[in-house]
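Participant: Test case, fold it:
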Amino acid sequence: MKRILGSLLLAVCCTAAFSQKLTQVNLAGGLSFFSFYSDPGVLIRVSPDGNIMDFGTELASDRGNFYAPKLQPYLGRIERYAPQSDSAFRGKIKSIGTSTITYYGSFEPDYKAGKLKSIGMLMFDYYTNFDNVAYRGKLRFIGSQVLEYYSSVEDEALRGKLKAIGNTSIQYYSSFEDRYLRGKIKSIGSVVIQYYSSQDRVEMRGQIKAGLYRPNVGGVIYILQ
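Facilitator: Numbering: from 1, shown residues only. As a prediction, the model looks like this:
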């Protein structure tokens, strides 16, 4: 009996630890949000500087790998912080379903105050005001994963763009490339993205030529278009 109870407790702990995770990164037109899976099956979209933008479920098209840009509203239980809470997060979302959400308080440095601190057991941290101007105040840690960005001294087509998430590196076409390729994503990990260039038909230039619109790399979906 003790062995059975121990196994059940371990299963519950594992479920709690892994129920929130990074599931999407939107890079269409530049980094616009990170999506986190939160039970029960809800996506929470977070801006690069750590603010919740939207939450709900993703609606897929009948025509294949296409999804509605706007999330469908979540109709379950939502709780907000009370008016007497810390001024940095009063009125903000406190929980979605069974996932508790916390924020850094008003006593924290300005680059963190009021920003997302955790979703369930998934913790967040940020680059400080002493870091490079291209990424100061942006998300630095998602759980144990480190986020890297191209600095202000890099090629102008790369500055401030997402460079890596953990072991997954992201490379871009430089400012010396074809005008329709400059600044676009060249590869995500081992996935190579190709585009139509100035040598192709006018209506096709700059669009993805080879590669997926939503490649799954290391368990994270990267939205490209």
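Participant: Contacts only, for the residue positioned nearest the centre of the chain.
Facilitator: Most central in the chain under CA atoms, centre = their mean is residue 34, positioned 1.5 Å from the mean C-alpha point. Residue 34 makes contacts with 22, 24-26, 45-46, 48, 139, 142, as judged by CB atoms under 8 Å, 6 or more residues apart in numbering. From N, CA and C alone the C-beta is placed, and that goes for glycine too.
Participant: so what's it bridging to?
Facilitator: residue 25, residue 46 (DSSP bridges).
Participant: What of residue 42?
Facilitator: Here residue 42 sits in beta bridges with residue 38, going by DSSP bridges.
Participant: got the contact list for it?
Facilitator: 55-57, 74, 76, 96-97, 99.
Participant: In strands only, show me those.
Facilitator: 55-56, 96, 99 (DSSP state E).
Participant: quick one: which two of those are the most distant?
Facilitator: 56 and 99 (13.4 Å; CB to CB).
Participant: Neighbour count for these two, which is higher?
Facilitator: Between residue 56 and residue 99, residue 99 has the larger neighbour count (other CB atoms under 10 Å), namely 24 against 16.
Participant: Pull the contacting residues for that one.
Facilitator: 19-20, 38-39, 42, 44, 119-120.
Participant: again with residue 24
Facilitator: 33-35, 43, 220-223.
Participant: Would you mind measuring from it to residue 174?
Facilitator: For residue 24, the distance to residue 174 equals 26 Å [CB to CB, to the nearest Å].
Participant: Residue 222 should be in a helix, yeah?
Facilitator: No. If the criterion is DSSP: H, G, I helix; E, B strand; the rest coil, then residue 222 is strand and not within a helix.
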